[in-house]
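Colleague: Provide a 3D model corresponding to the input given below.
(2 chains)
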Amino acid sequence: MKVVIISGPTATGKTDLSLQLASDFGGEIVNFDSLLLYKEITIGTAKPTIEERGKIPHHMIDISSISRPLNAADYAKLALPIIDQLLKEKKIVYLVGGSGFYLQAILRGMYDSPTTPKDILEKSDTLYRQEGITPFREILKKEDFLSFTRYHENDHYRIRRAVEHFWTTGTPLSLTRAKKDLENDQSNQMSIHGWDIHHVHLDVPKEEHFEIIKHRTKKMLTNGLIQEVESLLQSGFTGLEKPLQSIGYKEVLDLHFGLIKNLEDCQERIVISTRQLAKSQRTWFNRISGKVTYHPLLDTAKIAEDVSHFIQLKL
RNA sequence: GGAGACGUGCCCGAGUGGCCCAAGGGAGCAGUUUGCAAAACUGUAAAGCCGGCGGUUCAAAUCCGCCCGUCUCCU
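Modeller: Numbering: from 1, shown residues only, chains lettered A, B, ... in the order given. Below you'll find the model as predicted:
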C-alpha cells in the first residue's frame, strides 16, 4: 500500500523525477494532471513521451478526447480502481501531477453529489442566461443558507452548482459537504484509503523557475505547438473545446485567429499564463500538510534516500 | 522641406478648465477552491503631480507659446 505522491508547480521536473524513481525502485505512474488525460494535446501539456511511457507503465494519460472533457469526479472514478489494482499487485504507485484538486479527489474523495442531469443543467442555463445569478442566490438564501453565505455573489460556478445539487437531490449541498468534511476530519490521515504515503513536493525558487518557464515555452513553440493546433483545427476541432482553452493552446489559437499579433506576443502571453498557473499551484499545495518539499535538481540524492527509506522501512 | 496627429503609472488607456491628490483593463502581489480546476472567483499596493520649460487663469493633464520625442501623410 505504498504511494509516492510527486507534486509541484508546472515545469518543476515532476516527470523526470517520476521516471527516475520508478526505474530505480520499481512501480508504476498514475497521472493526476488534468490535461494529460486528453490524447489530442501533447506538446503544450509537456506530456511524457511515448518512449518514456514505454519504459515505465503510465496510467491516466490519453484516456479521453478533448471533445469529451472529464471533471474531477470522472477522473477519480477512473483512477481509483487502477490505483487499487496496482496496490493489490504490491506495486509502488507514483501519483504524479500538478492538479491539486484532482489529487484531492483521489485522496479525500468527492462529496456525495450526483453530476447534474441534463434536463436540470438546461433549466439552470436558461435561467442564468435570462436572469443572471440573482435568482440562484435567492434560491440558496431560502433553501441552503450555508452555501448562500459561503460563496461570493460573483462566484456563479459554485452558486449554480449548489442550486443544481439542490434541484437534483432536494437536499442542500452544504449538508452533504458537512458530513463529508466531518468524516475527513475524523480520519485525520493523508488519505481516506489508509495508504502509506510519502509526499514529494517539488519546488524551485521563483526567479529560477521563471527562467525555466521561459525556456520551456520557447521550446514548445519551436517543437511544433503551433502545428499541433493547426492540425487539430484541420481535423475538425473548433478551438472551443474546454481543454483547448488551456495554457499554450488558447494563446496559439488567439494567434491563429489574429487576436494576438505576432509570435513574440504569443510567447509572452504563454509565459505569463504559466507563471500565474505556477503561483496558484503553489498556493494550493501550500496548505497541504504531510508533504516534504525538495528542489528537483539540488535535492536529488535526498529524494532518492527518503524514498528508498520509505519503501524499505515498511516492507 | 511642408501638413497633421499624438506624448497620462511597468503596459494599454479614459479624461479636453474646477467634482482629477487622474477612471478602467492588463501585468504584479496575496488568497479562495469538492463534478468546468491550466477553470471560475475574491482582495490589494503603485502616477509626489499627466514629455520639458514658460505663460493665461481665482483654478490646467485639460487653453496658449517654445522646445524635445513618436507616428502618419505630402513634395
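Colleague: low-confidence stretches in chain A?
Modeller: For chain A, applying pLDDT under 70 flags the ranges A:313-315.
Colleague: for residue A:100, see how far away residue A:286 is.
Modeller: 10 Å (CB to CB, to the nearest Å). The way it works is simple: take the backbone N, C-alpha and C, and place the C-beta from them, glycine included.
Colleague: sorry, wrong one. I was asking about residue A:6.
Modeller: The gap separating residue A:6 from residue A:100 is 13 Å, by CB to CB.
Colleague: ok, now residue A:277?
Modeller: Taking CB to CB, one finds residue A:277 at 11 Å from residue A:100.
Colleague: who's more crowded, the two?
Modeller: Between residue A:277 and residue A:100, residue A:100 has the larger neighbour count (other CB atoms under 10 Å), namely 20 against 17.
Colleague: surely the more buried one touches residue A:288?
Modeller: Yes. With contact defined as CB atoms under 8 Å, residue A:100 counts as touching residue A:288 (7.4 Å).
Colleague: hey, what's in contact with both of the two?
Modeller: residue A:7 (CB atoms under 8 Å, 6 or more residues apart in numbering).
Colleague: now do the buried residues in stretch A:152-168.
Modeller: A:159-168 (16 or more other CB atoms under 10 Å).
Colleague: quick one: that stretch near RNA strand B?
Modeller: Yes. Part of stretch A:152-168 sits near RNA strand B under the criterion CB under 7 Å from any atom of the strand, namely A:152, A:154-158, A:160-161, A:165.
Colleague: and residue A:197, what element?
Modeller: Residue A:197 belongs to strand A:196-202 when elements are defined using DSSP states H and E.
Colleague: list the buried ones in that strand?
Modeller: In strand A:196-202, counting by 16+ other CB under 10 Å, buried: A:197-202.
Colleague: CSV please, covering the residues you listed and showing distance to residue A:25.
Modeller: Below are these laid out as CSV (distance: CB to CB, whole Å):
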residue, distance to residue A:25
A:197, 15
A:198, 11
A:199, 16
A:200, 12
A:201, 18
A:202, 17
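Colleague: chain A: helices as residue ranges?
Modeller: A:14-25, A:50-55, A:72-88, A:100-108, A:118-131, A:134-143, A:145-150, A:156-169, A:173-187, A:206-222, A:225-234, A:249-256, A:263-286, A:300-313 (DSSP state H).
Colleague: adding distance to residue A:38, write those out as JSON lines.
Modeller: Output for the helices of chain A, formatted as JSON lines (distance: least, CB to CB, whole Å):
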{"stretch": "helix A:14-25", "distance to residue A:38": "17"}
{"stretch": "helix A:50-55", "distance to residue A:38": "15"}
{"stretch": "helix A:72-88", "distance to residue A:38": "12"}
{"stretch": "helix A:100-108", "distance to residue A:38": "13"}
{"stretch": "helix A:118-131", "distance to residue A:38": "22"}
{"stretch": "helix A:134-143", "distance to residue A:38": "30"}
{"stretch": "helix A:145-150", "distance to residue A:38": "31"}
{"stretch": "helix A:156-169", "distance to residue A:38": "21"}
{"stretch": "helix A:173-187", "distance to residue A:38": "29"}
{"stretch": "helix A:206-222", "distance to residue A:38": "16"}
{"stretch": "helix A:225-234", "distance to residue A:38": "11"}
{"stretch": "helix A:249-256", "distance to residue A:38": "10"}
{"stretch": "helix A:263-286", "distance to residue A:38": "17"}
{"stretch": "helix A:300-313", "distance to residue A:38": "29"}
